[in-house]
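>>> please work out how this folds:
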Amino acid sequence: MSRLAFSFVLSFFWVHAVMAAPADSASKTAASTKSDGAKPDYILQPSDLIRIQIFQEDDLNREVRISQEYTVKLPLVDTVDLKDKTARQAEDYIRELYGRDFLAKPQVNLFVLEYAPRRVFVAGAVATPGVVLFQQEQGLTLIDAISRAGSFNRLADKKRVTLKRTKPDGSTETSTINVDDVMKGDTNQTWPLQPNDVITIPEKIL
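Residues are numbered from 1 along each chain as shown. A predicted model of the protein is given here:
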């Protein structure tokens, strides 16, 4: 291959590499932005801060906090009920609302910017009984909650700790837990907590 032909080939590949670079960069940026959203099966909660983005409709984009009634107010469609909806279900629902009367095939993205703090209650023989807050994305275990409540006091009966949970149908479920076994690693159960769980540590019977 002559030197002139070799230079032409190099120039050809260099031009194509430069032309492809912006597309690759844009693709990576889009993927990164999409990953900032909530997990698809995350159920939206009151006080969650969410961002609604509608492609090429900047005037309709909003950052809103979900009310205690599970609603948000958005331009044109007004009050939107998000109760019992996952992040992706809410996204689809808002897309449907805008698509009915206002926009042709709107592209809607929903992101959770800030998760509302969840809470559990720790009562009984701990140093500072009361409410323990935790973030949804971090989670909280039984041992963590007791630790944040100042840990057991000297009268605590670690073998008869109760965990009371209200299920979605309104019924309650109470478990009695030997926390000594959990702390020693004698069980694989770590007892991850759900919002509004109530932990009670009784005192030892002397």
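>>> for the helix or strand hosting Asp92, buried residues please.
Using DSSP states H and E, Asp92 sits within helix 87-101. Using 16 or more other Cβ atoms under 10 Å as the test for burial, helix 87-101 gives 87, 89-91, 93-95, 97-98. (Each C-beta comes from the backbone N, C-alpha and C, glycine too.)
>>> ok, of those residues, which one's closest to Val161?
Nearest to Val161 among the buried residues of helix 87-101: Ala87, at 33.8 Å, using Cβ to Cβ.
>>> I figured the closest one hits Val112, correct?
Yes. Contact criterion Cβ atoms under 8 Å: Ala87 and Val112 qualify, at 6.3 Å.
>>> now the closest residue to Glu91 other than its chain neighbours, what's its secondary structure?
Using Cβ to Cβ, 6 or more residues apart in numbering and skipping the chain neighbours, the partner closest in space to Glu91 is Leu110 (4.2 Å). The three-state assignment at Leu110 reads strand, by DSSP: H, G, I helix; E, B strand; the rest coil.
>>> number of residues surrounding Leu110?
The tally of other residues near Leu110 (other Cβ atoms under 10 Å) stands at 23.
>>> which residues touch it?
Leu110 sits next to 37-38, 50-53, 87-88, 90-91, 94 when contact means Cβ atoms under 8 Å, 6 or more residues apart in numbering.
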